[in-house]
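Asks: Test case, fold it:
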Amino acid sequence: MKCYQALPCLNAQPTAADWARAVPLTDFSLPWEDRPAPRTEFRALWTRSHLHFGFAALDSTPVIGAGPTLKERVLESDRVEIFLAPDLSLAPYYCLEIAPGGEVLEYRARFYREMDWDWQCPGLEVRSEISQDACHVTGSLPLETLESLGVLRPGANRLYAGLYRADFSVLPDGSLRRSWLPWVNPGTERADFHVPGSFGVIELAGWDEES
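Replies: Here you go, the predicted model:
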């Protein structure tokens, strides 16, 4: 199983220097298409109170959805996604889908695709920025929240996580090409993030030494 090591943050809030020393994860793929994947980068850091995360998605023309509800806007947008689970039964698991403008679709689910759209993630903070050639998202989750959800066990330093990107492109006829980039290839015939095989592990490196 793939494992990403989140390093301890040297400051209470991550600085540019902290993010620079965080390990870049770049092996997102396009398993359902025969073309190179657009560059996507994930980084994470931890403190004794929070898990901090960041995405950088190379994209000079991000698609930002329209609609009367947040759900419609996010699902019709380019976005980065984090799924978190207590175990690989995915009963339950927790989903955060973040659009370029910073809107977040938060929901709880149970395998297979039983969604609770009313769930909100306690203490989640997210910031976003669109630059000339990329979309940047940073955010933080209280460790207390991860523990209360059963995602981070008492005394443990590893948690199950899925990391993803949805990349939309406007085609000449005005339709959208929807591309799906997981960190872990789930091996499904069709694009599907909502399966145990799309999850890996985030390890809080150095946790024991800091205890």
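
Asks: Relative to Tyr94, how far out is the spatially most central residue of the chain?
Replies: By C-alpha atoms, centre = their mean, the chain has its centre lying nearest to Ile82, at 2.6 Å. Ile82 sits at a distance of 9 Å from Tyr94 (criterion: C-beta to C-beta, to the nearest Å). For glycine as for every other residue, the C-beta is placed from the backbone atoms N, C-alpha and C.

Asks: cool, Ala44 as well?
Replies: Relative to Tyr94, and taking C-beta to C-beta, Ala44 is found at 16 Å.

Asks: Looking at these two, which is more packed in?
Replies: Counted by other C-beta atoms under 10 Å, Ala44 and Tyr94 do not tie: Ala44 has more neighbours, with 28 against 24.

Asks: how about the helices in the chain?
Replies: Assigned by DSSP state H, the helices in the chain fall at 16-21, 70-75, 143-148, 207-210.

Asks: average model confidence for the last one?
Replies: By that I understand helix 207-210. Averaged across helix 207-210, the pLDDT comes to 71.

Asks: what's the closest non-adjacent residue to Arg21?
Replies: Leu7 (6.6 Å; C-beta to C-beta, 6 or more residues apart in numbering).

Asks: Ala205 is in contact with the one you found, correct?
Replies: Yes - contact criterion C-beta atoms under 8 Å: Leu7 and Ala205 qualify, at 5.5 Å.

Asks: Who has more neighbours out of these two?
Replies: Comparing Leu7 with Ala205 by other C-beta under 10 Å, the one with more neighbours is Ala205, at 19 against 16.

Asks: So the closest residue to Pro196 other than its chain neighbours versus Ala156, what's the distance?
Replies: Nearest residue to Pro196 in three dimensions, chain neighbours excluded: Leu88, at 4.2 Å (C-beta to C-beta, 6+ apart). Noted for Leu88: a distance of 15 Å to Ala156, by C-beta to C-beta.

Asks: Going by length in residues, pull out the top strand of this protein.
Replies: The residue-count maximum for a strand in the chain (DSSP state E) belongs to strand 158-170.

Asks: helices and strands around it, which ones?
Replies: If you count contacts as 3 or more C-beta pairs under 8 Å, 6 or more residues apart in numbering; DSSP states H and E, strand 158-170 packs onto strand 3-8, strand 50-58, strand 79-85, strand 176-182, strand 200-204.

Asks: Tell me the buried residues in stretch 43-56?
Replies: Neighbour counts over stretch 43-56 (16 or more other C-beta atoms under 10 Å) mark 43-47, 50-56 as buried.

Asks: Report the two of those separated the most.
Replies: Farthest pair in these (C-beta to C-beta) is Thr47 and Ala56. Separation: 21.1 Å.

Asks: check contacts around Gln132.
Replies: By C-beta atoms under 8 Å, 6 or more residues apart in numbering, the contact list for Gln132 reads Ser60.

Asks: again but with Ser198, I slipped
Replies: Residues in contact with Ser198 (C-beta under 8 Å, 6+ apart) are 83, 162, 164, 182-186, 192.

Asks: and of these, the nearest to Gly102?
Replies: Tyr164 (17.6 Å).

Asks: For Ala6, see how far away the closest one is.
Replies: Using C-beta to C-beta, one gets 17 Å for the distance from Tyr164 to Ala6.
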